[in-house]
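# just need the structure, nothing else, for what follows:
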Amino acid sequence: MDEALLRKALARADAAVAKGPHALAADGQRRTLHVAMGDPQADFDRVLSILSLHGLLDEEGGLRPHVCLVSVGDHFDWGPAADRERVARSALRLVAWLASHPADQAVMLLGNHDLGRVGELADFTDATFRAARVEADRVYAGDDTDAAAERAFLQRWPGLPSAELAARDFSTWTEEQRAWVEHLLRARRFRVAHAAGDSLLVLHAGVTREDLGVVGLEPERWADARAVTEALNGVMDRAVAAWKGGPLVLPGLHHPGNAKDGEGVGIFYQRPSLAAEDGERVRGTPRRRFDPRRLPLGLTQVVGHTRDKRVRELVSPGPTRDGVLRHLVTDGSRVDYAHGPPPVTGPGEAVMVFTDGAMREGRAEDFELLDLEARRAVPLAP
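This next block holds a predicted model:
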């Protein structure tokens, strides 16, 4: 990436951070290229490099006027413990940079890590979270975590479902991030879903027929991406309007975790699974796994959240590859999963396009963005 362009983009982000939480309304300019970007859990420099390699940045370090970028959620939390402070600043830069664009140019979708800022961590301060994280670092040791130490940790921090969450999953949280997320929720810049076409829905982790039943959408409208978007965003907007503090809950769609109930559940956490031993996929909503044969037919969903390795583990064994677009197609009986953009399908099939390519892994040139109109990878700039 050109160093001068990088400096301008970073300066734009820093100016947005310094301004404080804010959001720009749509400016009505025509966007001719609509691009979905999978989970940007990577250094801001890396995100900018990927956008620049695909020719999406203008000479001032913002998005080109004709570009609409849909960020598919999870803007926080990555990397080792030693990098927490740097990562926290980098993630805030990214969110502020996106918010510095008009709402119809940078579409910001929520992921489970974004909601964690106002969910599991809603009642923390910087000081109390640092204290919890220091303790969590002592307790959490992957599969070797001591059960008694974990129980003692949860007694002291009942708002958390596990030591792992503080030590790893949401470990770069800050009060400043929470202020930004709350503002963007109330300003309706952070959304649950975005309709990119009549039957093309973009959201973080996907919805099933059961999820659409929860929001009261009639089955004959399940393939209507705009109706689905309106229903899902409506649940969030009503919840945010009624929210007076504490963890934000989206009834039937998103329940943050805590010590009493365990890990968070709902449409921002759930992943497809055909594993026979995975009882989570057959429980009622909200949940953390779903049977992909329960996807609404006739609807294509563009999602992040799930890397190739995890889909291979839960749905379709095979060789894995980071960076590439992937797709799953089902007719309610068979399930086909493969690398590459989705094939042409009919009204009797449901499609998921996976865009989480592990952005911080591999070469920036190999990370694919999705052209939502063409339904293929955006080519690299000449």
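
# all the helices of the stretch 151-300 of the chain, residue numbers only.
Secondary structure of the stretch 151-300 of the chain by DSSP state H, counting those that start in this stretch: the helices cover 163-164, 175-186, 209-214, 225-242.

# secondary structure class for Gly119?
Put simply, Gly119 is coil when judged by DSSP: H, G, I helix; E, B strand; the rest coil.

# thought it was touching Glu263?
No: at 11.4 Å, Gly119 does not count as touching Glu263 under the criterion of Cβ atoms under 8 Å. All C-beta atoms are positioned from the backbone trio N, CA, C, and that covers glycine.

# neighbour count: those two, which is higher?
Legend: neighbour count by other Cβ atoms under 10 Å for Gly119 and Glu263, higher for Gly119 (26 against 17).

# okay, helices next: where are they in the stretch 1-150 of the chain?
Using DSSP H, counting those that start in this stretch, helices in the stretch 1-150 of the chain cover 3-19, 44-53, 84-99, 112-116, 126-139, 147-156.

# let me have those in a markdown table, extended by mean pLDDT and distance to Tyr269.
A markdown table is the format used below for those (pLDDT from 0 to 100; distance: least, Cβ to Cβ, whole Å):
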| stretch | mean pLDDT | distance to Tyr269 |
| --- | --- | --- |
| helix 3-19 | 94 | 28 |
| helix 44-53 | 97 | 23 |
| helix 84-99 | 98 | 19 |
| helix 112-116 | 98 | 5 |
| helix 126-139 | 97 | 20 |
| helix 147-156 | 96 | 19 |
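
# tell me which of these is the most buried.
helix 112-116 (a mean of 27; mean count of other Cβ atoms under 10 Å).

# can I get that helix in PDB? Just the C-alpha atoms.
Taking C-alpha atoms only, helix 112-116 is exported to PDB below (Å, rounded to 0.1, in the frame of the first residue of the first chain):
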ATOM      1  CA  ASN A 112     -20.800 -11.100  18.600                       C
ATOM      2  CA  HIS A 113     -17.600  -9.300  19.500                       C
ATOM      3  CA  ASP A 114     -19.200  -5.900  18.800                       C
ATOM      4  CA  LEU A 115     -22.200  -6.800  20.900                       C
ATOM      5  CA  GLY A 116     -19.900  -8.000  23.700                       C
END
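
# how near is the nearest residue to Ala96 once chain neighbours are set aside to Glu373?
Leaving aside its sequence neighbours, Ala96 sits nearest to Ala16 (Cβ to Cβ, 6 or more residues apart in numbering; 3.6 Å). Distance of Ala16 to Glu373, computed by Cβ to Cβ, to the nearest Å: 28 Å.

# same thing with Lys244?
In this structure, Lys244 and Glu373 are 41 Å apart, going by Cβ to Cβ.

# mind checking which of these two has more residues around it?
Glu373 (13 against 4).

# mind listing what that one touches?
Glu373 makes contacts with Leu33, His34, Gly197, as judged by Cβ atoms under 8 Å, 6 or more residues apart in numbering.

# return the members of these classed as buried.
Leu33, His34 (16 or more other Cβ atoms under 10 Å).
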